[in-house]
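# next input, structure requested:
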Amino acid sequence: MRIVGKFIMIGLLLGLAACSDWLNVSPDDQVNEETLFTDGDGYRNALNGIYKDLADFALYGRELTWGMNEVLGQTYHLNYIPSDHAYYYMAWSMYDNDKVEAILSSLWEQAYNAIANCNNLISHIAHADATLFSGKDMELNMIYGEALALRAFIHLDLLRLFAPAPVVADQKKYIPYMEDYGTLFGDRESVKDCMNKIIRDLKQAKKLLSEVDIIPENRIWSKTYYRIEGGRGVVDDNLPRDIFYMYRGYRMNYWATTAILARAYMYDGQQALAREQAQEVIEATYEENGRTYNCFSFTSPGDYGVNPKLYDGVICGFSKSKVSEEYANWQKGTGGLYLCSYLTGMDAEDWRKDLFRTVNWFYSISVK
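Numbering: from 1, shown residues only. Have a look, this model is predicted:
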């Protein structure tokens, strides 16, 4: 997610949401619930487990980032996608294909499983005593706010996939907005009702996280060197002593929540409110040694070689150690996910060319 990004309008997949068994999702229960929430470490483990689930290949480790979403967005050259793969049928809008339905079914199941785990965490922390946490009220607000923001974030992406955009939506029911832990079957709701709940959750999450990321002594945590790199292991007085509070760029922090709220307002047609939230992220600052710096910026073109992921502008991302290997598996031979020429055809003087690499003589891939 970046300050300047693209919004992909995905074609309607309404018929695919009709399978009621997709709603039959139960959250992970490997740890006894009564034991898990008896101390602050249990809450930390529950939240970390949600992030781990979201980084799965079925969700943001592949399908909702560089996989299915980019196929639907026509990012890849259709002629090179293997004709026996689900992506080929997706690219040609054959949504009733068994392989396509398998991917969508897995996505739906794992997304609602993550939401169920969010709801479990929310149901406990909403009534938890701050003395359970080593960081007291700040840590309680951090975990509570992140869980609420993640719940809204996942629902927003599901709504964008399986329902019409608000600008053309009717009053039909499309997806359930799951708020209660333990509920296996939720009533589907209209696009407008879902958007109202998404915005409600994000606003509450933002308020909670304002007690974490933007209090004066913590704002420097949003510096790229700390937000993404964690200070590179160097002992630094600006870093929190507790590693759980570090690497805010890999968590649903205050700025990420604000950016998602901007996206939600924009999607809902509330442009003025979207601009207000986006502007807050763009103008986010921290102070260091008496000087004020922007939290997020464009990476200098001269740094593309050492920083191809352009971390300076990354507000939030989920960590997945195997994603590079998985992406590389798609760049072998003549069949793969190769970028369309209209994305890579640029002047020799254009610095962005350093973000692409040619493989197998003339196929283009992203180095990010």
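# how many residues are close by Leu273?
16 (other CB atoms under 10 Å). Quick note: C-beta positions are derived from backbone N, CA and C, even for glycine.
# could you do Arg291 as well?
Using other CB under 10 Å, Arg291 has 8 other residues around it.
# let me see the contact set for it.
Under the criterion of CB atoms under 8 Å, 6 or more residues apart in numbering, Arg291 has no contact partners.
# any idea where the strands of the stretch 101-250 of the chain begin and end?
Assigned by DSSP state E, counting those that start in this stretch, the stretch 101-250 of the chain shows strands spanning 175-176, 188-189.
# least confident secondary structure element in this protein?
Within the chain, no helix or strand scores below helix 341-344, which has a mean of 68 by mean pLDDT, DSSP states H and E.
# what's the end-to-end length of stretch 173-192?
Distance between the boundary residues of stretch 173-192 (CA to CA, to the nearest Å) amounts to 10 Å.
# show me the helices in the protein, by range?
In the chain, the helices defined using DSSP state H lie at 33-36, 40-54, 68-72, 86-91, 98-125, 136-162, 191-209, 224-227, 254-267, 271-282, 323-328, 341-344.
# which of these is buried the deepest?
helix 254-267 (a mean of 25; mean count of other CB atoms under 10 Å).
# now stretch 282-301: buried residues?
Across stretch 282-301, burial judged by 16 or more other CB atoms under 10 Å covers Ile282, Ala284, Tyr286, Asn294, Cys295, Phe296, Thr299.
# restricted to strands, list those residues.
Of the positions in the buried residues of stretch 282-301, Tyr286, Asn294 sit in strands, assigned by DSSP state E.
# picking that back up, can I get the helices of the chain in JSON lines including distance to Val306?
JSON lines is the format used below for the helices of the chain (distance: least, CB to CB, whole Å):
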{"stretch": "helix 33-36", "distance to Val306": "41"}
{"stretch": "helix 40-54", "distance to Val306": "26"}
{"stretch": "helix 68-72", "distance to Val306": "25"}
{"stretch": "helix 86-91", "distance to Val306": "31"}
{"stretch": "helix 98-125", "distance to Val306": "33"}
{"stretch": "helix 136-162", "distance to Val306": "30"}
{"stretch": "helix 191-209", "distance to Val306": "31"}
{"stretch": "helix 224-227", "distance to Val306": "13"}
{"stretch": "helix 254-267", "distance to Val306": "24"}
{"stretch": "helix 271-282", "distance to Val306": "25"}
{"stretch": "helix 323-328", "distance to Val306": "16"}
{"stretch": "helix 341-344", "distance to Val306": "21"}
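# check the ones you listed for me: which has the lowest mean pLDDT.
Least confident of these, judged by mean pLDDT, is helix 341-344 with a mean of 68.
# most tightly surrounded among the strands of the stretch 101-250 of the chain?
By mean count of other CB under 10 Å, these have strand 175-176 as the most buried, with a mean of 20.
# paired strands for it, with orientation please.
strand 188-189 (antiparallel) (DSSP bridges).
# contact partners of the strand it pairs with?
Ala17, Lys173, Tyr174, Ile175, Pro176, Tyr177, Lys197.
# tell me, what's the model's pLDDT at the first one?
So that's Ala17. With respect to pLDDT, Ala17 scores 38.
# follow-up on the earlier one: show me which pair in the buried residues of stretch 282-301 is furthest apart.
Greatest spacing in the buried residues of stretch 282-301, by CB to CB: Tyr286 and Thr299 (17.7 Å).
# thinking again about what came up before, of the strands of the stretch 101-250 of the chain, which is nearest Ser319?
strand 175-176 (27.2 Å).
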